[in-house]
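Visitor: Predicted model and sequence follow; I will ask about them next.
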Amino acid sequence: MEEEIICVKGISKEFKISKREAGMKNAIKSFFRRKYKIIKALDDISFNIKKGEIVGYIGPNGAGKSTTIKIMCGILLPTTGECTIDGYIPWKQRKEYVKNIGVVFGQRSGLWWDVPPIDSFELLKDIYNIPQEEYEKKLQELTESLDLDEIKNIPTRQLSLGQRMRCEIAAALLHNPKILFLDEPTIGLDAVSKLSLRKCIKKINEDTNLTIILTTHDMQDIEALTDRIILIGKGKILYDGSLDEIKKKYKNKMKVDVKFEYTTDKIKLKDAKVLEQTEESASLILKHKEGNMADILDELTKQVKVTDLSIEEMSTDDVIAKLYKELKI
């Protein structure tokens, strides 16, 4: 059984921000007497992550994901609570701690723009004081895993986004960290680049037992890479568990789009919910029970003369959107 490498207990984070009403008069007033309000970004969150896990940390914009990651990276100090990662308290022992983590932000580059990635790698070797032999061995491993051989000597500004992201991940892993924070790693990538990057991340995790915390809005990233998700909303942990459990709960439903000849009658079905209906079409949600599909369609055709019909299972995006709605976030 793997040891717990990340322990977050009762973390809260409050920000004090200035406020004022609109208008020049209020602007002048606020210059001399500023008013503030307290925003609670995180509210008593707790979770543990085992060594070698890939965990999807998800939630809508403004939920508290970035604040959590910044606390775990040692950038922010929590208002209350405890956080221990690989035996370190990130904001208290940051100098020692950062040697054990790698961070990749999809919208920010850690590479020097006008020089090839290999030059950035050499500089990072010196920053982290990596022995030459160890550096060469790790660089060779990453070059093979991330397919960098043909791109590491090209100036970063000339690389495609997908190529640059592979180099960003290599830069984050050169010093052999135990934990990797990935923030929107596939944002802006085309479908082929996304598939390639996911494959590389999965392989690195399997080969090195690297612990990965992934924040993303792309549910295909979550589905391809993680078995466990932590869902945060309004600063609180709302779900921590298997993605499969959520899919079982919501993917037992199917969406049906039906077209029919003109009618003003309302469709009423026993085992299906009508999401919306016009005089010539309707969208339905069917509970996917074995043997009841034919009965529902038979019931439908008795009420309207169907001209076209399409049936699809709810996607993972639909499942998560349904969960957000149920949890009111």
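Guide: Right, received. Where do you want to start?
Visitor: Going by secondary structure, the residue nearest to residue 240 when sequence neighbours are not counted is in what exactly?
Guide: Leaving aside its sequence neighbours, residue 240 sits nearest to residue 230 (Cβ to Cβ, 6 or more residues apart in numbering; 4.9 Å). In short, each C-beta sits where N, CA and C put it, glycine included. Using DSSP states H and E, residue 230 falls within strand 228-233.
Visitor: For residue 36, give me its contacts.
Guide: 16, 17, 18, 19 (Cβ atoms under 8 Å, 6 or more residues apart in numbering).
Visitor: Which members of those are positioned in strands?
Guide: Under the assignment DSSP state E, the contacts of residue 36 contribute 16, 17, 18, 19 to strands.
Visitor: pretty sure residue 119 is in contact with residue 112, am I right?
Guide: Yes. The pair residue 119 / residue 112 is scored as a contact, 6.7 Å apart, by Cβ atoms under 8 Å.
Visitor: picking that back up, ok, residues contacting the strand holding residue 230?
Guide: Counting by Cβ under 8 Å, 6+ apart, 45, 47, 53-60, 63-65, 68, 222, 237-243, 246, 323-324, 327, 329 sit against strand 228-233.
Visitor: one more time with 6 Å, if that's ok
Guide: 47, 55-59, 63-64, 238-240, 243, 327, 329 (Cβ atoms under 6 Å, 6 or more residues apart in numbering).
Visitor: Now do stretch 219-230, average pLDDT.
Guide: In this model, stretch 219-230 has a mean pLDDT of 91.
Visitor: Could you look up the SS state of residue 223?
Guide: helix (DSSP: H, G, I helix; E, B strand; the rest coil).
Visitor: so how far is residue 121 from the residue nearest to it when sequence neighbours are not counted?
Guide: Closest residue to residue 223 apart from its sequence neighbours, by Cβ to Cβ, 6+ apart: residue 316 at 5.2 Å. Using Cβ to Cβ, to the nearest Å, residue 316 is found at 35 Å from residue 121.
Visitor: Those two - which one has more neighbours?
Guide: residue 121 (22 against 17; other Cβ atoms under 10 Å).
Visitor: what's near enough to touch that one?
Guide: residue 174.
Visitor: Looks to me like it is in a helix.
Guide: Yes. Counting by three-state DSSP, residue 121 is part of a helix.
Visitor: All the helices of this protein, residue numbers only.
Guide: Secondary structure of the chain by DSSP state H: the helices cover 24-32, 65-73, 94-97, 117-127, 132-145, 161-173, 191-208, 219-225, 243-250, 293-303, 316-326.
Visitor: Put together TSV for those, with distance to residue 258 on each row.
Guide: What follows is these, written out as TSV (distance: least, Cβ to Cβ, whole Å):
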stretch	distance to residue 258
helix 24-32	55
helix 65-73	38
helix 94-97	57
helix 117-127	53
helix 132-145	48
helix 161-173	40
helix 191-208	30
helix 219-225	26
helix 243-250	21
helix 293-303	7
helix 316-326	18
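Visitor: lowest-confidence stretch among those helices?
Guide: Looking across the helices of the chain, the weakest by mean pLDDT turns out to be helix 24-32, at a mean of 66.
Visitor: before we move on, the earlier item: out of the helices of the chain, flag the one nearest residue 151.
Guide: helix 161-173 (4.9 Å; Cβ to Cβ).
Visitor: Report the separation between the residue nearest to the spatial centre of the chain and residue 194.
Guide: Centroid check for the chain by Cα atoms, centre = their mean gives residue 216 as the closest residue, at 2.2 Å. Distance of residue 216 to residue 194, computed by Cβ to Cβ: 11 Å.
Visitor: ditto for residue 316
Guide: Distance from residue 316 to residue 194, by Cβ to Cβ: 14 Å.
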